[in-house]
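[1] just need the structure, nothing else, for what follows:
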Amino acid sequence: MTAEVLASVLTIVRGRADHLRALMTGLSQQSIPPCELVIAWMQAEKVEALPVLSFPVRHVFVEGVDMPLAAARNRAAEAASGTYLIFLDVDCIPSPTTVEAYAEALTQHDGIMLGEVHYLPGGLPTYTGNVAMLEKHGLVHPSKPTFPDIGVVEEPDSGQLWGLSFALRRATWTSLGGMDEAFYGYGGEETDFARRASQAKLSTYRVGGARAYHQHHTVYIPPLQHFDHILRNARLYHAKHGIWCMDYWLGQFAARGLIEWTSVACEIRELRRPDDRETVAARQPEHILFS
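    Residues are numbered from 1 along each chain as shown. Sure thing, here's the model as predicted:
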């Protein structure tokens, strides 16, 4: 690996200023730094008092009131100059080898690279560079596959892609047309992208050494605060691919009498919307890390 890696790190932000600062602190500790950080702001103004990095930070602004996640990733990719694109959620703190591991994998394989994510509990001090603290407190998501310590392992299920941490060659992103901006709000856009990548015969890989640490935020089970977005994007996905995504959440909605739906249904019949009381009740205690 050369000293200069042409890898752009991209993140999309609405709120979460402290999480963004921690992400940037993690980028300042990379064994091989990226060539730039691109921040796509889903808000009118950028946050002030961000950490100073040794590489350029580019800012783009994305309009849309319904969390335009797909559009924000597309705008970030359009602004990036790197040969490789590393997408990190604003909640993620990269480990010191994240950029190097992703870049090394992408020099060897053309496909979708997935990095391991460990989840941090709430109540930790603000991250200022203590990687040992992250290692001590980070927990593996119970539903995710095992990652190698180093190197790559092919992942047969392209649906394992989730937007917290993934990377690919810029040319590959362009060939796939980026993410479908018909998806907006919460859910579905990454699963659609992964399915289109699989249909294009691109392999998916789990990458050792590209670990990130997910900073805690409140979990809702089920995610009733995103009810309308999930129904809309699930319907769009089914219209495109003939199968359902986010079926786990749809099943939870059905169990609560909010929708009429089964995994073999051709449509979702909305029975009622969750009320404020139900949404508040779905909020989990701070020790719950996974949805």
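[2] surely Ser198 meets Thr204?
    Yes - using Cβ atoms under 8 Å, Ser198 is in contact with Thr204, at 7.5 Å. Every C-beta, even on glycine, is put in place using the N, C-alpha and C of the backbone.
[3] so those two - more neighbours on which side?
    Thr204 (22 against 17; other Cβ atoms under 10 Å).
[4] can you give me the strands in the stretch 51-200 of the chain?
    Assigned strands in the stretch 51-200 of the chain, in chain order: 57-61, 84-88, 92-94, 111-119, 139-140, 152-155, 165-169 (criterion: DSSP state E, counting those that start in this stretch).
[5] tell me the mean pLDDT over the second one?
    For strand 84-88, mean pLDDT rounds to 98.
[6] likewise for the first one?
    Along strand 57-61, the predicted confidence averages to a pLDDT of 97.
[7] same deal with the fourth one?
    Throughout strand 111-119, pLDDT has a mean value of 97.
[8] Asp276: neighbouring residues, count only.
    8.
[9] in a markdown table: the strands of the stretch 51-200 of the chain, plus mean neighbour count and distance to Gly188.
    As requested, the strands of the stretch 51-200 of the chain are arranged in a markdown table below (neighbours: other Cβ atoms under 10 Å; distance: least, Cβ to Cβ, whole Å):
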| stretch | mean neighbour count | distance to Gly188 |
| --- | --- | --- |
| strand 57-61 | 16 | 23 |
| strand 84-88 | 27 | 16 |
| strand 92-94 | 27 | 20 |
| strand 111-119 | 24 | 17 |
| strand 139-140 | 13 | 25 |
| strand 152-155 | 16 | 20 |
| strand 165-169 | 25 | 16 |
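[10] save those as JSON lines, and put in distance to Gln43 too.
    As requested, the strands of the stretch 51-200 of the chain are arranged in JSON lines below (distance: least, Cβ to Cβ, whole Å):
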{"stretch": "strand 57-61", "distance to Gln43": "8"}
{"stretch": "strand 84-88", "distance to Gln43": "18"}
{"stretch": "strand 92-94", "distance to Gln43": "19"}
{"stretch": "strand 111-119", "distance to Gln43": "24"}
{"stretch": "strand 139-140", "distance to Gln43": "30"}
{"stretch": "strand 152-155", "distance to Gln43": "34"}
{"stretch": "strand 165-169", "distance to Gln43": "22"}
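[11] out of the ones you listed, which is closest to Phe227?
    Closest approach to Phe227 among the strands of the stretch 51-200 of the chain (Cβ to Cβ): strand 111-119, 23.8 Å.
[12] same for that closest one, what does it pack against?
    helix 98-108, strand 139-140, strand 165-169, helix 189-199, strand 203-214 (3 or more Cβ pairs under 8 Å, 6 or more residues apart in numbering; DSSP states H and E).
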